[in-house]
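Undergrad: Build the 3D model from these lines:
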Amino acid sequence: MSAALTAIELEGQIDEHNRLQLDDPLPAMTPGRVRVIILIPEPADLDESEWLHAAAANPAFDFLKDPSEDVYSLSDGKPFDVEG
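TA: Next comes the predicted model:
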């Protein structure tokens, strides 16, 4: 059984050596072990090339590399044109 945990929210940054630097000192507390959860903001918008790279590198789509999944050819279907 683990002890009850108290949450303290502080902000900081990760430096070039991957060390966490807090903006403010920790409140007075007894020295000991802590559990740290780091929330990293995601970029506001990913461009299309970043999405495509992430999808191409994702192992969830590895099954598409199997030749038996290649069921369509360039001669299948009809061209789709959008007029606007």
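
Undergrad: only C-alpha atoms for contact and neighbour calcs from this point on.
TA: Will do.

Undergrad: any idea where the strands of this structure begin and end?
TA: Using DSSP state E, the strands found in the chain span residues 12-14, 20-22.

Undergrad: In CSV: those strands, plus distance to Val71.
TA: Converted to CSV, the strands of the chain look like this (distance: least, Cα to Cα, whole Å):
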stretch, distance to Val71
strand 12-14, 47
strand 20-22, 50
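
Undergrad: how much space between Ala54 and Pro67?
TA: Using Cα to Cα, to the nearest Å, Ala54 is found at 22 Å from Pro67.

Undergrad: make that Ala57, sorry
TA: 18 Å.

Undergrad: Look at Glu56 and report its pLDDT.
TA: Residue 56: Ala, not Glu. pLDDT for Ala56: 86.

Undergrad: what's the burial count for it?
TA: Applying other Cα atoms under 10 Å, we find 12 residues neighbouring Ala56.

Undergrad: Show me where the protein has its helices.
TA: For the chain, the helices defined by DSSP state H cover 48-57.

Undergrad: Select the helix or strand of it having the lowest average pLDDT value.
TA: helix 48-57 (a mean of 86; mean pLDDT, DSSP states H and E).

Undergrad: and the strands of the chain as TSV, adding mean neighbour count, mean pLDDT and distance to Ser73?
TA: Shown next, in TSV, are the strands of the chain (neighbours: other Cα atoms under 10 Å; pLDDT from 0 to 100; distance: least, Cα to Cα, whole Å):
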stretch	mean neighbour count	mean pLDDT	distance to Ser73
strand 12-14	11	93	49
strand 20-22	12	94	52
